[in-house]
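Participant: with the sequence up front, the predicted model follows.
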Amino acid sequence: MEATWAIIIGSLIILGIGSAISVYVGRKQSGSENWLVGGRSLPVYVVAGSQFATGMGGGVLVAHIGIGYSAGWSAITYNLLYSIGIILLVLLAGWLKKQKFSTLPDIFKKLYGNNKKMLTTVTLLAVVVPFGWLCTQLVAFANLFTEITGISFTLLIIIFGIISLCFVLPGGLTSVAWTDFIFGCLMLAVSIVSAIYMLNMSGGWSNIVSNVPQEMIAFPEGMGAIGASTILLWTFAIFPGALTNQMSYQRIYAAKNIKVAKQGFIIAAIVGVVSGAWASFMGIAILSQQPGLANSELAAGWFLTQIPTWFLAIYASFIIATIMSTVSSAVQSVVVNISKDIYQSYVNPEVSERKLLYISRLLSISVVIIAVMLAIYYPRALGWLQATYAYSAAGLLVPIFLGFLLRNKFSLTAKGALGGILFGIIGAASAQIMDTVVPYAVYGIGSSLIGFIVAHFLFRGGQEVGEEQKEVFAE
């Protein structure tokens, strides 16, 4: 009971601080531009902190420590692959900032013209990823804390969903990004403290080394302890997702300038690799003390049972900050697509800034209610939501990057983009049905490339270039 109250009090303090910052920032910087893209004025440390905190998610606390437990320094490899994907977005940063985009569909409108079928499809693919993240993070939070506190699964999801609105409603992306930055700082601080605590708890590094297989802790050899085949699968799975996640694009749009966007993403990538080193160390240290766990992902849970109450409260706050950063970012990302790409584009093109802001807040509440209901009633069926990450990457990667590379050299068409998108989805679905060893997103991306080329060849003369495209070709 003492531990439960300590966790509740610690969590309320950190969430209260985050909510207060969100309200303060929201009042100071109001307006739809701040809601959608952070006022396009975020400084480098906020861009870096928000990108790091959003991308980190709850996975590093459970899955990545589990990787360290079972395969040594391999968690560094996982995070390194993700960080490389993030750095590749820097190549687009200059062009993205100059266009003053707000969402992923804006990219397609600029490259391929204002085609409703194409933009609707892209909007759906852009929405499902953050919505999937939102639902799975709610379930992950409830599963973890119901074991620690004894509070019911359903009540935890409802409470966390309500609290997440305190981070989104005041200022949209502006308040989300600033609270992400604060939480990112907390994550780094607690990571350092927990690593030191674990080192002492394990009896020092020399004692850890003597109690674990040497192939796991040798460096850099230990980065490959998971096996070459798994690393290859990671590469296929991680890169596409990192390169097509709208939440990352939004941080570029929101940066103060191009230089800030690039520097922020490079810093976030570096810190991401460091967090992989932390997860690996924690897993290795736990293995040295408690080998033979039935499931490597139980390693993080075992650690929580070994620490004193005061530190459990701090670490629980760390977990909440990590998950909340992803949840609030996901809610805002979903809402910006619905409010701008659907409501403003199709329902009410002449909507006022004040009305759009009101609609965005109303949609935020609606999105959280739907996500909470789905997480409560279908917690075991949320795996299919994770698959949306693969389908989104399969449909969007080729049209975004190949379109960017060919924008000044080739007559791009909306039908060509649609061909790439639809072939990508079909290819991914076919590979998933066949249960291929290689991630089905890879087959989808390959199919998307074929569809993109074939469709542009077939329809290259059958569609007038849009005004947006003419501007691109003139640049």
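Facilitator: Received it, and whenever you're ready, just let me know what you need.
Participant: could you list the buried residues of whichever strand or helix holds residue 273?
Facilitator: Using DSSP states H and E, residue 273 falls within helix 258-289. Across helix 258-289, burial judged by 16 or more other Cβ atoms under 10 Å covers 258, 260-269, 271-273, 275-289. Any C-beta I mention is one placed from the backbone N, CA and C, and that applies to glycine too.
Participant: heading C-terminal from the host helix or strand of residue 127, find the next helix or strand.
Facilitator: For residue 127, the element it lies in under DSSP H and E is helix 116-149. Counting by DSSP H and E, the next helix or strand C-terminal to helix 116-149 is helix 153-168.
Participant: helix or strand next in line after that next one, which one?
Facilitator: Of the helices and strands lying after helix 153-168 in sequence (DSSP H and E), the nearest is helix 173-201.
Participant: which is the next helix or strand following that next one?
Facilitator: For helix 173-201, the following helix or strand on the C-terminal side (DSSP H and E) is helix 205-210.
Participant: now that following helix: buried residues?
Facilitator: For helix 205-210, burial by neighbour count (16+ other Cβ under 10 Å) applies to residue 208.
Participant: and whichever helix or strand comes after it, what does it pack against?
Facilitator: Once helix 205-210 ends, the next helix or strand along the chain (criterion: DSSP H and E) is helix 214-217. If you count contacts as 3 or more Cβ pairs under 8 Å, 6 or more residues apart in numbering; DSSP states H and E, helix 214-217 packs onto helix 258-289.
Participant: hang on, the earlier thing: which other helices and strands contact the next helix or strand after the helix holding residue 273?
Facilitator: Later in the chain than helix 258-289, the nearest helix or strand by DSSP H and E is helix 299-306. The helices and strands touching helix 299-306, judged by 3+ Cβ pairs under 8 Å, 6+ apart, are helix 59-71, helix 116-149, helix 258-289.
Participant: go through the helix holding residue 127 and flag the buried ones.
Facilitator: Applying a neighbour-count criterion of 16+ other Cβ under 10 Å, one finds 118-119, 121-142, 144-146, 148-149 buried in helix 116-149.
Participant: flag the shaky bits of the stretch 151-300 of the chain, pLDDT-wise.
Facilitator: Residues of the stretch 151-300 of the chain meeting the criterion pLDDT under 70: none.
Participant: change it to 80
Facilitator: Scanning the stretch 151-300 of the chain for pLDDT under 80 picks out 171, 237, 297.
Participant: can you check what angle separates the helix holding residue 127 from helix 153-168?
Facilitator: Angle, helix 116-149 to helix 153-168, by axes from the mean of the first three to the mean of the last three Cα atoms, to 10 degrees: 120 degrees.
Participant: so for helix 116-149, mean pLDDT?
Facilitator: Mean pLDDT, computed over helix 116-149, is 85.
Participant: kindly report the same for stretch 334-349.
Facilitator: When pLDDT is averaged along stretch 334-349, the result is 90.
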